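Engineer: here's my sequence, what's the structure:
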Amino acid sequence: MSRAIANSLQTQVKKTIDELVESGAERGIQVAVYRQGKLVVDAVAGVADPESRRPVTSATPFYNYSICKAPASTLVHMLVERGHFGYDTPVAELWPEFASHGKEKVTLRHVLTHTAGVPGIPLSTTPEDLCDWDKMCAGIADQELWWEPGTKIGYHAYTFGYIVGELIRRATGKPISKVLAEEITGPLGVGEELYFGMPRSEQHRLARLEDAPLPSGFEMPQMPPDLPMFKAAPMSLMPNAPFGNRPDILAADIPAGGKTSARAIARMYAAVLGEVDGVRLVSARRLAQVMASPVSGPDEVFGHGVTTWALGYSVGIIGRDPGTPATAIGIGGSGGSFAFGDAATGIAFALTKNRLTMDFNAASEIARLVTTSEA
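Structural biologist: Reported below is the predicted structural model:
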């Protein structure tokens, strides 16, 4: 990408997010784009905290929920590369307690593709429980299978992070936050922008979340009372602003989600696709394996739509037509954040924001702008 095109894209993105904030659709927002390992867009708008009017900067971390499943998955691929375990290693081989109730056949590959059949946490789980690593791992180890591993697919919202994190802990002897710092955020120079658990002493730098007001006349669509998602976690743990602003939740390792700036998570994806300032996280051969055999099917947890997962990342680019070749891997987060990396173009994209919406409209609009501006 030429300097002129990059400058034009920066201007277009900045104009778009300024308009989103000025219209009241968004409160604070960041967009970062890398191409072939170079930062070409780093745009911010709005405020991180409406009370203090503290402005969003490029370094402001946001709690973006599931988009930080991607760093957890990236750590897995790095450890597979080093021989700590393989994709077809049974989870119980490293974590024997996990084998209870017939889960001995669940493999790491099943976990990464959300086909493990272990999407649920105990319905008695409280926010305080989520912050207790050992209690959550014990509760998940005691869960029964929802389906035979590998036969169905359904989003493992909370369990994904704890299972992956416990495998990493068992293999390395270190908590996932320490491994993240040693293997990803330290080498990439984003140690103050990307976290699973964020120390309370640093939380003053976070953007404060708020729930977007519902449109006038909006009525929540009726959902069947027997929808499986209601059995996967208590409703009190569904992501919203009060939950995401709790200091204990922010400080805890809950690697199904995390806190990051757009710049940091885009930089991570760029270092998955290729080299960034001398750092490459995943080899080209490993990346090809990650994307080689995506799994698709109806989501058995949410009960609607078809979902497609490579090893640890969803497949496709938000804002693209469904028929577009699937060369990108990424993950969206509750509230409308989204990040991905596209192996075909070398584009790594991230949008983070603090007004939690029920859609990905902002991310879709700006991702479309970014991916169609190539020349």
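
Engineer: all contacts plus neighbour counts: C-alpha atoms, from now on.
Structural biologist: OK.

Engineer: nearest to the spatial middle of the chain, which residue is it?
Structural biologist: Ile67 (1.6 Å; CA atoms, centre = their mean).

Engineer: contacts for the helix or strand of the chain with the lowest mean pLDDT, please.
Structural biologist: Each helix and strand of the chain was given a mean pLDDT (mean pLDDT, DSSP states H and E); the minimum falls on helix 229-232 at a mean of 84. Here helix 229-232 makes contact (CA atoms under 8 Å, 6 or more residues apart in numbering) with 119-123, 301-303.

Engineer: before we move on, the earlier item: check contacts around the residue nearest to the centre of the chain.
Structural biologist: Applying CA under 8 Å, 6+ apart, the residues contacting Ile67 are 257-258, 330-333, 337-339.

Engineer: only the buried residues of the least confident helix or strand of the chain, if you could.
Structural biologist: If you call a residue buried by 16 or more other CA atoms under 10 Å, then helix 229-232 has these buried ones: 229, 231-232.

Engineer: measure the residue nearest to the centre of the chain to Met235 for me?
Structural biologist: 21 Å (CA to CA, to the nearest Å).

Engineer: repeat for Ala326
Structural biologist: For Ala326, the distance to Met235 (CA to CA) stands at 33 Å.

Engineer: more neighbours: which of these two?
Structural biologist: Between Ala326 and Met235, counting by other CA atoms under 10 Å, Ala326 is the more crowded of the two (18 against 11).

Engineer: and Ala99, which of the three is it?
Structural biologist: Put simply, Ala99 is helix when judged by DSSP: H, G, I helix; E, B strand; the rest coil.

Engineer: how many residues are close by it?
Structural biologist: Ala99 has 19 neighbours, counted by other CA under 10 Å.

Engineer: my guess is it meets Ala92, correct?
Structural biologist: Yes: with contact defined as CA atoms under 8 Å, Ala99 counts as touching Ala92 (5.3 Å).

Engineer: out of the contacts of helix 229-232, which end up buried?
Structural biologist: Going by neighbour count (16+ other CA under 10 Å), those have 119-121, 301 buried.

Engineer: so Asp88 sits against Leu112, correct?
Structural biologist: No: applying CA under 8 Å as the test, Asp88 and Leu112 come out as separate, 10.6 Å apart.

Engineer: higher neighbour count, these two?
Structural biologist: Higher neighbour count among Asp88 and Leu112: Leu112, with 25 against 12, using other CA under 10 Å.

Engineer: now the helices for the stretch 251-375 of the chain?
Structural biologist: Secondary structure of the stretch 251-375 of the chain (DSSP state H, counting those that start in this stretch): helices at 262-273, 284-292, 361-371.

Engineer: ok, which of the ones you listed comes nearest Asp142?
Structural biologist: helix 284-292 (29.1 Å; CA to CA).

Engineer: please state the offset of the closest one from the chain centre?
Structural biologist: Relative to the centre of its chain, helix 284-292 is centred 19 Å away, using CA atoms, centre = their mean, to the nearest Å.

Engineer: same question for stretch 346-364.
Structural biologist: Here the centre of stretch 346-364 is set off from its chain's centre by 11 Å, with CA atoms, centre = their mean.

Engineer: average pLDDT across it?
Structural biologist: Stretch 346-364 carries an average pLDDT of 94.

Engineer: same check, this time on stretch 122-136
Structural biologist: What stretch 122-136 shows for mean pLDDT is 97.

Engineer: for that stretch, list every residue counted as buried.
Structural biologist: Buried residues in stretch 122-136, counted by 16+ other CA under 10 Å: 125, 130-131, 133, 136.

Engineer: name whatever forms a beta bridge with the nearest residue in space to Arg53 that is not next to it in sequence.
Structural biologist: Leaving aside its sequence neighbours, Arg53 sits nearest to Val47 (CA to CA, 6 or more residues apart in numbering; 5.7 Å). Beta-bridge pairing for Val47 (DSSP bridges): Pro55.

Engineer: just the terminal-to-terminal distance for stretch 93-105.
Structural biologist: 10 Å.

Engineer: contact partners of that stretch?
Structural biologist: Contacts for stretch 93-105 (CA under 8 Å, 6+ apart): 90-92, 138, 140-145, 149, 166-167, 170-171.

Engineer: rerun that using 10 Å as the cut-off
Structural biologist: With contact meaning CA atoms under 10 Å, 6 or more residues apart in numbering, stretch 93-105 is reached by 85, 88-92, 106-107, 116-118, 137-145, 148-150, 163, 166-171.

Engineer: what about the strands in this protein?
Structural biologist: 28-35, 38-49, 54-55, 62-63, 194-195, 210-211, 259-260, 295-298, 306-309, 314-315, 328-333, 337-342, 347-353, 355-356 (DSSP state E).

Engineer: need the contact list for Pro127.
Structural biologist: Neighbours of Pro127 in contact, by CA under 10 Å, 6+ apart: 236-237, 243, 246, 248-249.

Engineer: try it again at 6 Å.
Structural biologist: Listed by CA atoms under 6 Å, 6 or more residues apart in numbering, the contact set of Pro127 is empty.

Engineer: again with Trp146
Structural biologist: Gly117 are the contacts of Trp146 under CA under 6 Å, 6+ apart.
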